[in-house]
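Enquirer: How does the following fold in three dimensions:
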Amino acid sequence: MAARAPAGTPAKTPVFGITGWKNSGKTTLTTRLIGEFVRRGYRVATVKHAHHAFDIDVPGTDSFRHREAGASEVAVVSGARVALMQELRGSEEPGLADILDRLAPADLVLIEGYKRERHLKIECRRADGAPGKALAPADPTILAIASDMSVDTRPLPRFDLDDIAAIADFIADTLGLPVKDANTEAD
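Expert: A predicted model of the protein is given here:
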């Protein structure tokens, strides 16, 4: 089944989400999937949604001082990486499609969180995670469950949270990703 990208996303960039309640294993699964897809030769980009204020800049740095002085955007560029920080200063949070439009080309975008968006997803459930009602029954974009406990997921397939290869295979098959030569570096 080929996936449709959210509005505004280049059609050539497949997206797949990892969703669930707090402490359900989303970040661990996402990072392990990134490693698996990179090992397979894919260039992977990610989008992580946070429900709280966060700061990636350190007080006292030049870039922090630029933002503190009122800059609406600060780009920090070096030979190793580029970071672009934008201050919303009361503006509305950009939508997922807007964020996807800003990403550099990739073979796959993994999206962590954004449980109410309409992209294809896998739901994480952990025995010691935050209690919450299963998301899949009310969300047709959730195609499978990854869990560390025995749960009835019918009619959806269930994967063990630690079966990263099988989950990656499921995502690749669902999105129709071409098989890459894992011995060559991602473009």
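Enquirer: partners of the strand or helix carrying Leu143, with directions?
Expert: Here Leu143, judged by DSSP states H and E, is contained in strand 142-147. With DSSP bridges as the criterion, the sheet partners recorded for strand 142-147 are strand 121-125 (parallel), strand 158-160 (parallel).
Enquirer: Of these, flag the one that's most buried.
Expert: The highest mean neighbour count among these belongs to strand 121-125 (a mean of 25), with neighbours defined as mean count of other CB atoms under 10 Å. (Glycine included, C-beta is placed from N, CA and C.)
Enquirer: How far does that strand sit from its chain's centre?
Expert: The chain centroid and the centroid of strand 121-125 are separated by 12 Å under CA atoms, centre = their mean, to the nearest Å.
Enquirer: Please name the spatially closest residue to Gly41 (chain neighbours excluded).
Expert: Lys180 (3.3 Å; CB to CB, 6 or more residues apart in numbering).
Enquirer: buried set for stretch 26-46?
Expert: By neighbour count, and taking 16 or more other CB atoms under 10 Å as the criterion, the buried residues in stretch 26-46 are 26, 29-30, 32-34, 36-38, 40-42, 44-46.
Enquirer: now, which of these lie within strands?
Expert: Using DSSP state E, the members of those that fall within strands are Val44, Ala45, Thr46.
Enquirer: Strands of this protein, start to end?
Expert: 15-19, 44-48, 73-77, 82-86, 108-112, 121-125, 142-147, 158-160.
Enquirer: coming back round to it: now the strands paired with strand 142-147 in a markdown table, with distance to Leu175?
Expert: Shown next, in a markdown table, are those (distance: least, CB to CB, whole Å):
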| stretch | distance to Leu175 |
| --- | --- |
| strand 121-125 | 12 |
| strand 158-160 | 16 |
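Enquirer: In JSON lines: those, plus distance to Lys133 and mean pLDDT.
Expert: Converted to JSON lines, the strands paired with strand 142-147 look like this (distance: least, CB to CB, whole Å; pLDDT from 0 to 100):
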{"stretch": "strand 121-125", "distance to Lys133": "11", "mean pLDDT": "96"}
{"stretch": "strand 158-160", "distance to Lys133": "17", "mean pLDDT": "97"}
